[in-house]
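Novice: Fold the following and give me the result.
(2 chains)
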2 protein chains.
Amino acid sequence: MRTLKCAYEFAAYNAGSTNVNLPTFADIEAAAARIKPYAFETPLLENANLNARMGRRVFIKAEPFQRTGSFKFRGACNRILLIAESERKNGVVAFSSGNHAQGVAAAAELFGIPATIVMPSDAPRVKVEGTRSYGAEIVFYDRRSEDREAIASGICAKCGATLVRPFDDAGVIAGQGTIGLEVAHALAAKGIAIDEVFVPCGGGGLLTGTALAVTTLQPTAKIVAVEPYDYDGMGRSLAAGERVRVSAKESSIADSLLPPTPGEITFALARKVVSRAEVMRDDDFARAVSYCVRTLKIVAEPGGAAGLAALLRSAAKPSAGATVVVISGGNCDPEMLSACCAKFPIP
Amino acid sequence: MRTLKCAYEFAAYNAGSTNVNLPTFADIEAAAARIKPYAFETPLLENANLNARMGRRVFIKAEPFQRTGSFKFRGACNRILLIAESERKNGVVAFSSGNHAQGVAAAAELFGIPATIVMPSDAPRVKVEGTRSYGAEIVFYDRRSEDREAIASGICAKCGATLVRPFDDAGVIAGQGTIGLEVAHALAAKGIAIDEVFVPCGGGGLLTGTALAVTTLQPTAKIVAVEPYDYDGMGRSLAAGERVRVSAKESSIADSLLPPTPGEITFALARKVVSRAEVMRDDDFARAVSYCVRTLKIVAEPGGAAGLAALLRSAAKPSAGATVVVISGGNCDPEMLSACCAKFPIP
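Specialist: Model prediction:
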């Protein structure tokens, strides 16, 4: 399989005017306080082999250890806590390939409200089982022929439930941004400045929330968005200066990063806080997953390892500041782990 | 495969008099200061699913994230730093199935001294490769027919190198004890008392070091040693009141826990600080490894997951205090991970 690396370079803070209400740094701080009793502060790990390979200090923000196995619990929890008490009992609805599904289902279960999740019929088994284990009702749809947003809206209209969007929602983005807050505070406590942060990008909620928190506290930090080849909606949109919808011919093993276009809010925010976008192929994801198992000892899913994939493809370079990689999720079928490790015995 | 659970119960502090010099709590505190620039403070993770399953709060001390992928770096690093400067240049020698090998090799590499490691020819590939990657010379031996200790002593005699024993050494035990120190301090900072600590036991270095630190800071904490079936040298020795040597008919997938008898020092110390020993079968280890991948998102090796195996076989019970599980290493061939996950799809 060929591998191709595309990189767009953006000037930070290059955004034009926007009509959407963007989440603020204060929203992220409020989210951190709101979700603190429910979410875990995940570890920021360092690995001697990775440091040696990259020639600098690399810190891994490990969201597989978040409740539900991915960062998505943060945004879902914050968003559900923002629903008025009187409306919460009507429940929540979400559409998701699996991680947002589990995040919403687990948060809903914690607060004792019903959840219905619209999932693609080809979602990884581990994600379907996880979602079901949190007591949510699952409605399957066909990724190629059906419109998940329409199905979800229909359910909401019928029962008065609140739709918890996977990324294009200020409350969700603020929740994901708590990752950036934790990273920046932990490194500041060690007296270490942040050079670059590699973040997986699907719809851009994790990317923009993390970027907003980090760049507010460390204005010189550069944020790198990493997307699958042919699913680089964010990179192309940032390059074009307007939202672009991609139409990929083939699927990708990075199942969590396949939205065809960034959200309205995430795109507007990304223009302000993201400085570069990179594209990775399936082999890059697989190599990163193998590296996670063999060297980092972390179970990561292909999309969750996108930031690491980009780092591993880059050249070693000394740096005084830290490179941060967000590994966003670990909900990976063991068969996929095994296939990645078999394909890349020396990652 | 049948599974069998054996448990011996010991009164804590039941030791008789002893002629060996035991490491002290002060030795562990000194080790912590000594290895701080080189070892990582590993995270103490909590998992919502595990808490729900066990009916109480469980904290995972995750040593797969230690340098070299297991706790062994701690003891090796402390021991090597205790060698007189003038003797260090002659190098170090160790015998080990793989984790102590890597710990010694990595510490020796850090301090720029030569290391020779005597390893069994059937050691997991990942451990052999790891040891080699730290620049050590490897000498293979046959586990059934050759005496690794004699081979190692021979090498030492020839070149004046220092033998770094895998467990029966006060400096090594004090280094491993820094795990107990970190656990006790982290939980004290949260205001949480420790009820029980499940620790994998091979020769007993990790077990007794951890136990000494924890029971000094939390005298009511109970320490549980977990060994493979037919390799329960520590449990049988504690029950007999003297060191017993086991002779197992079959091997075990818990390759890191196969010493036939506890050390003189580890046995004498265990009599003071260990309250229970349990025995696990290969299926218990495999189930725990699968649980680590699927739920905890940690790569654990079978022996490293021994403490978790014992916890998962025990009944859920509410408790005000914390249950701690030390996952001691993650140097597992991907094929082994995959086999464990395939055998236990629902762990």
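
Novice: Going along the chain, name the strands of the stretch 201-347 of chain A.
Specialist: For the stretch 201-347 of chain A, the strands defined by DSSP state E, counting those that start in this stretch cover A:222-228, A:276-280, A:322-327.

Novice: Please tell me how far A:E242 sits from A:R236.
Specialist: According to C-beta to C-beta, to the nearest Å, A:E242 and A:R236 sit 10 Å apart. All C-beta spots, glycine's among them, are computed from the backbone N, C-alpha and C.

Novice: Of these two, which one has the most company?
Specialist: The neighbour comparison of A:E242 against A:R236 (other C-beta atoms under 10 Å in any protein chain shown) goes to A:R236, with 21 against 11.

Novice: Give the burial count for A:A310, as a bare number.
Specialist: Neighbours of A:A310 under the rule other C-beta under 10 Å: 27.

Novice: near chain B, which residues of chain A show up?
Specialist: Neighbours of chain B within chain A, by C-beta under 8 Å from any C-beta of the partner chain: A:40, A:43, A:45-49, A:64-65, A:67-69, A:106, A:126, A:133, A:290, A:293-294, A:296-300, A:330, A:334-335, A:337-338, A:341-342.

Novice: Using ChimeraX, define a selection of the buried residues within the residues you listed.
Specialist: A single ChimeraX command is used to select the members of those judged buried by 16 or more other C-beta atoms under 10 Å in any protein chain shown:
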select /A:40,43,45,47,48,49,64,65,67,68,69,106,126,290,293,294,296,297,298,299,300,330,334,337,338,341
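
Novice: can you list the domain ranges for chain A.
Specialist: Domain assignment for chain A, taken from automatic domain parsing, gives A:4-70+A:171-343, A:72-166.

Novice: start to end distance for the last one?
Specialist: Just to be clear, that refers to domain A:72-166. Using C-alpha to C-alpha, to the nearest Å, one end of domain A:72-166 lies 8 Å from the other.

Novice: For the helix or strand containing A:A76, which outside residues touch it?
Specialist: Using DSSP states H and E, A:A76 sits within helix A:72-81. Residues from elsewhere that reach helix A:72-81, judged by C-beta atoms under 8 Å, 6 or more residues apart in numbering or on different chains: A:31, A:34-35, A:38-39, A:66-67, A:88, A:92, A:94, A:96, A:99-100, A:102-104, A:106-108, A:110-111, A:113, A:162, A:164, A:166-167, A:169, A:171-176, A:178-179, A:205, A:209, A:329.

Novice: Quick one: buried ones out of the residues you listed?
Specialist: Among the contacts of helix A:72-81, those buried by neighbour count (16+ other C-beta under 10 Å) are A:31, A:34-35, A:38-39, A:66-67, A:88, A:92, A:94, A:96, A:99-100, A:102-104, A:106-108, A:110, A:113, A:162, A:164, A:166-167, A:169, A:171-176, A:178-179, A:205, A:209, A:329.

Novice: just checking, which of the residues you listed belong to strands?
Specialist: Secondary structure from DSSP state E places A:92, A:94, A:162 of these in strands.

Novice: need the residues you listed in a markdown table with pLDDT, can you?
Specialist: Output for those, formatted as a markdown table (pLDDT from 0 to 100):
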| residue | pLDDT |
| --- | --- |
| A:V92 | 97 |
| A:A94 | 96 |
| A:T162 | 97 |
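
Novice: Any chance of the residues you listed in a markdown table with distance to B:A26 as columns?
Specialist: Output for those, formatted as a markdown table (distance: C-beta to C-beta, whole Å):
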| residue | distance to B:A26 |
| --- | --- |
| A:V92 | 55 |
| A:A94 | 55 |
| A:T162 | 58 |
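
Novice: Against B:T295, how distant is A:A107?
Specialist: Distance, A:A107 to B:T295, by C-beta to C-beta: 18 Å.

Novice: brain fart, A:F267
Specialist: Counting by C-beta to C-beta, the gap from A:F267 to B:T295 is 35 Å.

Novice: Neighbour count: those two, which is higher?
Specialist: Using other C-beta under 10 Å, the more surrounded residue of A:F267 and B:T295 is A:F267, with 26 against 18.

Novice: what pLDDT does the more buried one get?
Specialist: Looking at A:F267, its pLDDT is 98.

Novice: hmm, back to that, can you give me how far the helix holding A:A76 is from the chain middle?
Specialist: Here the centre of helix A:72-81 is set off from its chain's centre by 13 Å, with C-alpha atoms, centre = their mean, to the nearest Å.

Novice: what comes up buried for it?
Specialist: Judged by neighbour count (16+ other C-beta under 10 Å), helix A:72-81 contains these buried residues: A:72-81.

Novice: mind putting these in TSV, distance to A:H185 and pLDDT included?
Specialist: TSV is the format used below for the buried residues of helix A:72-81 (distance: C-beta to C-beta, whole Å; pLDDT from 0 to 100):
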residue	distance to A:H185	pLDDT
A:K72	21	98
A:F73	19	98
A:R74	15	98
A:G75	19	98
A:A76	22	98
A:C77	19	98
A:N78	18	98
A:R79	23	98
A:I80	25	98
A:L81	21	98
